[in-house]
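# Got a sequence here, can you build the structure:
(chains A, B, C, D, E and F)
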Number of protein chains: 4
Amino acid sequence: MHGRPRDPALDAAIRKAALDIVTEQGYKRLTMEGVAARSRVSKQALYRRYASKGELLLAALDAFAEEVLPAPDTGSLREDLLFLVRAAFAFHRSSNSAFSQAVAAEAAQGPAFARQALEKVINPRRDIFRAVFARARERGELLCSDDDLLIDLVYGPLWYALLFNFDRLTDAYAESLTDAVLAAARQA
Amino acid sequence: MHGRPRDPALDAAIRKAALDIVTEQGYKRLTMEGVAARSRVSKQALYRRYASKGELLLAALDAFAEEVLPAPDTGSLREDLLFLVRAAFAFHRSSNSAFSQAVAAEAAQGPAFARQALEKVINPRRDIFRAVFARARERGELLCSDDDLLIDLVYGPLWYALLFNFDRLTDAYAESLTDAVLAAARQA
Amino acid sequence: MHGRPRDPALDAAIRKAALDIVTEQGYKRLTMEGVAARSRVSKQALYRRYASKGELLLAALDAFAEEVLPAPDTGSLREDLLFLVRAAFAFHRSSNSAFSQAVAAEAAQGPAFARQALEKVINPRRDIFRAVFARARERGELLCSDDDLLIDLVYGPLWYALLFNFDRLTDAYAESLTDAVLAAARQA
Amino acid sequence: MHGRPRDPALDAAIRKAALDIVTEQGYKRLTMEGVAARSRVSKQALYRRYASKGELLLAALDAFAEEVLPAPDTGSLREDLLFLVRAAFAFHRSSNSAFSQAVAAEAAQGPAFARQALEKVINPRRDIFRAVFARARERGELLCSDDDLLIDLVYGPLWYALLFNFDRLTDAYAESLTDAVLAAARQA
DNA sequence: CCTTAATCGAGACGGTACGTCCTGTCTTGTT
DNA sequence: AACAAGACAGGACGTACCGTCTCGATTAAGG
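Numbering: from 1, shown residues only, chains lettered A, B, ... in the order given. All right, here's what the predicted structure looks like:
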């Protein structure tokens, strides 16, 4: 038998509360207790859905996951890449950086979270690069066959900067990085 | 100023306890309370030395910092790089990965820690690459003048994998990555 | 008024579950939640019948209430009293003591429960004594006209012992107590 | 070694809070959480001292335990008894009845508590009767040698009334009860 | 030699959050 | 209607750490 169904309004309220707290106070201050209080939801109802801060964070991340990700097609690999890298930098430079850092912190501490973040947040963004690379390959602009490596060359330095050298995420760096990736891309 | 001097044996006991707890139970379980208990040191004495888990972690990291970092000089940039990248991968693949992840988690959550980690752990390792690049430049093997960018191309993907895709840190990947860096290095 | 009639099988199941839990785990562990779970009855159906632990306890007590209460008639007041006092002691000494204590605990905390317990459990037992006293009075064995006082002299010490000195409920004590009551009974 | 000693001011604050809550809101509303909040004491400090509501109640009862118990000596057993019985009734009729009921409830549910209550609250009051009986015995007013039985005849009906028939605790009843006890006392 | 001051262990303290349990009410669909 | 199932707000539970604070007992260096 079925019992009373879960109230979807609560899911929304919880996600919103979590989102607000992270952006306003940072991930460190994100607390099950606090989310319950802010969303006016009982702790029980909260724990029924999310057993940990990590799961809660992933749920809150859905807001970003649903974003339509832009896939540029300028006809030039360099232009496409530059656009994407700049956009990625801009995203992490914005107020969303609290989330990026939360994701990093959580991923560092649990492979379970890492896997889910990969699937929900990381891979969709990598796929856009894949599409760009596919088109460039048709045009003959790309000799390297290892898309994953090239994408790592973009996102690696990005998350690395996010961890240790936040200020590095400038537009100038975006351009240098893009050219470095291009050098690798043109090499068989 | 006089009074009883601090007992250096306590420093050692504390660092050892912290180290043991992190490797045995992971960084999440590292607790000031737990370290005090395990090292048979009073909380007071502990807090006198390290005001936070972060400082404690950095102190425990000194064990690694004191390691002699090997600086290869094979006469070939590719060989030197390959050696360093493989060594770095090996280090993070080992049981020390708990520490790498702890550093990542802590850095993600506080620029103060990030800065200290940078100085104590990250930059010394970057400097080794710098030396290698300097020699290669003299030999004419290196056109790119931006050492930091090249080093980011190495360590970026490494930490990125550490966060999201641990299994990626294979020797094969080390080689691919090295060649990508070389491509960027040879480009003006 | 129509609709589906209440299932009497549920009443039985609930009472049994409550009874079992009290005897097995004590009154403290008696929980509406637990009774519902054990009796495989929904909490709704449970609350429809019994609005509180007290009501539930009283319902469970019906099992005892339906017992045929023996009314001795030996021709001697002392013999009759002794029989009743011993029987009462024996009852409370048995495994039913969990119930007696539950009744005491609940009565202590709510006059509402106390009144219901009085009516359903306490008074019926007092009435047996009344009958015995009535016969004794006819035989001229009884000068005291205050039955309630005499009965208090029996049940008072019994419940008192139940609260504070359980071990006191021996047969020897039953005899002493009976003789004390007799002394009071023979006095105008 | 010793560590920081417990702050005795906290003991006082806790006892006061517990006392106030019980008299103001009844024993049911007495909550470890509530006592901690009202006494501005951390839950930890509270639990360090009292592991349960029962222990807390006993501690709060110290206020009464320290009371000087009056021991009448009128030269007449009846007068002495009457005085004591009336005083006892008056005590339980007063606002302290909340405590009496709390004690009853708690004693009913745990022999551990019962034993402690016996020692701290019950027995000291019984001892006063013992003293009165001793004097009466010297005067030849007392033939019964079983003090405990006689005291049960007093306190039994009292607690019995406390549980089931609160209104019974009148001065008239005190007199009837006294006379009944006297009848038993005069009997060998 | 003997203060003097910072150290040490032990552990109490006010807080905050944890994750669980129970209460009493409610909302489903099913009988 | 009553029923099983189970979600819901609310409140209390007992525990774990946090960082700070007494205690009494050491331990040197400086007077």
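# Find the centremost residue of chain A, please.
Residue closest to the mean C-alpha point of chain A, counted by CA atoms, centre = their mean, is A:V121 at 4.5 Å.
# ok, and for the least confident helix or strand in chain A by mean pLDDT, which residues are buried?
The least trusted helix or strand in chain A, going by mean pLDDT, DSSP states H and E, turns out to be helix A:53-65, with a mean of 90. Residues of helix A:53-65 classed as buried under the neighbour-count rule (16 or more other CB atoms under 10 Å in any protein chain shown) are A:K53, A:G54, A:E55, A:L56, A:L57, A:L58, A:A59, A:A60, A:L61, A:F64. Where you see a C-beta, it was placed from the backbone N, CA and C, and this is true even at glycine.
# Next one: that helix, is it in contact with DNA strand E?
Yes - counting by CB under 7 Å from any atom of the strand, contacts between helix A:53-65 and DNA strand E involve A:K53.
# Put the alpha carbons of the following helix or strand past that helix into PDB.
Once helix A:53-65 ends, the next helix or strand along the chain (criterion: DSSP states H and E) is helix A:77-93. What follows is helix A:77-93, C-alpha atoms only, in PDB (Å, rounded to 0.1, in the frame of the first residue of the first chain):
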ATOM      1  CA  LEU A  77      37.900  25.800 -32.700                       C
ATOM      2  CA  ARG A  78      39.800  28.500 -31.000                       C
ATOM      3  CA  GLU A  79      36.800  30.800 -30.900                       C
ATOM      4  CA  ASP A  80      34.500  28.000 -29.600                       C
ATOM      5  CA  LEU A  81      37.000  27.000 -26.900                       C
ATOM      6  CA  LEU A  82      37.700  30.500 -25.800                       C
ATOM      7  CA  PHE A  83      34.000  31.100 -25.400                       C
ATOM      8  CA  LEU A  84      33.600  28.000 -23.300                       C
ATOM      9  CA  VAL A  85      36.600  28.600 -21.100                       C
ATOM     10  CA  ARG A  86      35.700  32.200 -20.500                       C
ATOM     11  CA  ALA A  87      32.100  31.200 -19.600                       C
ATOM     12  CA  ALA A  88      33.400  28.500 -17.200                       C
ATOM     13  CA  PHE A  89      35.700  31.000 -15.500                       C
ATOM     14  CA  ALA A  90      33.000  33.500 -15.300                       C
ATOM     15  CA  PHE A  91      30.700  31.000 -13.700                       C
ATOM     16  CA  HIS A  92      33.100  30.100 -11.000                       C
ATOM     17  CA  ARG A  93      34.200  33.600 -10.400                       C
END
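# any idea how chain A splits into domains?
For chain A, the domain assignment from automatic domain parsing gives the residue ranges A:8-63, A:70-185.
# quick one: average pLDDT of the longest one?
It refers to domain A:70-185. The average pLDDT within domain A:70-185 is 95.
# Endpoints of it, how far apart?
22 Å (CA to CA, to the nearest Å).
# what does the shortest one give?
With CA to CA as the measure, the first residue of domain A:8-63 is 15 Å from its last.
# And for stretch A:164-175?
End-to-end for stretch A:164-175, by CA to CA: 20 Å.
# How about that stretch and chain B, touching?
Yes - residues of stretch A:164-175 contacting chain B under CB under 8 Å from any CB of the partner chain: A:F164, A:N165, A:F166, A:R168, A:Y173.
# Buried residues of that stretch, list them for me.
Buried residues in stretch A:164-175, counting neighbours by 16+ other CB under 10 Å, are found at A:F164, A:N165, A:F166, A:R168, A:L169, A:Y173, A:A174.
# just the residues you listed that are near DNA strand F?
When contact is defined as CB under 7 Å from any atom of the strand, those do not meet DNA strand F at all.
# buried stuff in stretch A:69-78?
For stretch A:69-78, the buried set under the neighbour-count rule, 16+ other CB under 10 Å, comprises A:P72, A:L77, A:R78.
# with the residues you listed in mind, which one is nearest to D:R15?
Compare each of those with D:R15 using CB to CB and the shortest gap goes to A:P72, at 72.9 Å.
# from memory the closest one sits against A:E79, does it?
Yes - using CB atoms under 8 Å, A:P72 is in contact with A:E79, at 7.3 Å.
# Name the nearest residue to A:D146, sequence neighbours excluded.
Closest residue to A:D146 apart from its sequence neighbours, by CB to CB, 6 or more residues apart in numbering or on different chains: B:S176 at 6.2 Å.
# which SSE is the one you found in?
Per DSSP H and E: B:S176 is located in helix B:171-185.
# So which elements touch that helix?
Contact analysis of helix B:171-185 by 3 or more CB pairs under 8 Å, 6 or more residues apart in numbering or on different chains; DSSP states H and E lists helix A:147-164, helix A:171-185, helix B:77-93, helix B:147-164 as its packing neighbours.
# 10 Å instead, please
helix A:147-164, helix A:171-185, helix B:77-93, helix B:123-139, helix B:147-164 (3 or more CB pairs under 10 Å, 6 or more residues apart in numbering or on different chains; DSSP states H and E).
# Among the ones you listed, which comes closest to C:Y160?
Proximity to C:Y160, assessed across the helices and strands packed on helix B:171-185 by CB to CB, is greatest for helix B:147-164 (69.7 Å).
# wait, does the closest one contact chain A?
Yes - using CB under 10 Å from any CB of the partner chain, helix B:147-164 reaches chain A at B:148-164.
# just the buried residues of helix A:53-65 that are near chain C?
Answer for the buried residues of helix A:53-65 near chain C: none qualify (CB under 10 Å from any CB).
# Please produce TSV containing these, extended by distance to chain B.
Output for those, formatted as TSV (distance: CB to the nearest CB, whole Å):
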residue	distance to chain B
A:K53	11
A:G54	11
A:E55	15
A:L56	16
A:L57	12
A:L58	13
A:A59	19
A:A60	16
A:L61	14
A:F64	16
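# Show me the two of these that sit farthest apart.
Across the buried residues of helix A:53-65, the longest distance by CB to CB is 17.2 Å; it joins A:K53 and A:F64.
# out of the domains of chain A, nearest to B:R49?
Checking the domains of chain A against B:R49 by CB to CB gives domain A:8-63 as the closest, at 22.6 Å.
# still on that earlier bit, which one of the residues of stretch A:164-175 next to chain B is nearest to DNA strand E?
Using CB to the nearest atom of the strand, A:F166 comes nearest to DNA strand E of these, at 25.3 Å.
# what number of residues lie near the nearest residue to the closest one once chain neighbours are set aside?
Closest residue to A:F166 apart from its sequence neighbours, by CB to CB, 6+ apart: B:P111 at 6.8 Å. By the criterion of other CB atoms under 10 Å in any protein chain shown, B:P111 has 15 neighbours.
# same question, the one 4 residues further on
Counted by other CB under 10 Å, the residues lying close to B:R115 total 13.
# which residues touch it?
Under the criterion of CB atoms under 10 Å, 6 or more residues apart in numbering or on different chains, the contact partners of B:R115 comprise A:F164, A:N165, B:A107.
# got it, and A:L153?
Counted by CB under 10 Å, 6+ apart, A:L153 has contacts A:177-178, A:180-185, B:152-153, B:156-157, B:160, B:177, B:180-181, B:183-184.
# follow-up on the earlier one: so which of the helices and strands packed on helix B:171-185 is nearest A:R130?
Across the helices and strands packed on helix B:171-185, A:R130 has its closest neighbour in helix A:147-164 (5.3 Å, CB to CB).
# And the residue of chain A found nearest DNA strand F, how close does it get to chain B?
Residue nearest to DNA strand F within chain A (CB to the nearest atom of the strand): A:G3, separated by 2.0 Å. Separation of A:G3 from chain B (CB to the nearest CB, to the nearest Å): 34 Å.
# Return the backbone torsion pair for that residue.
Main-chain torsions, A:G3, degrees, to the nearest 10: phi 70, psi 170.
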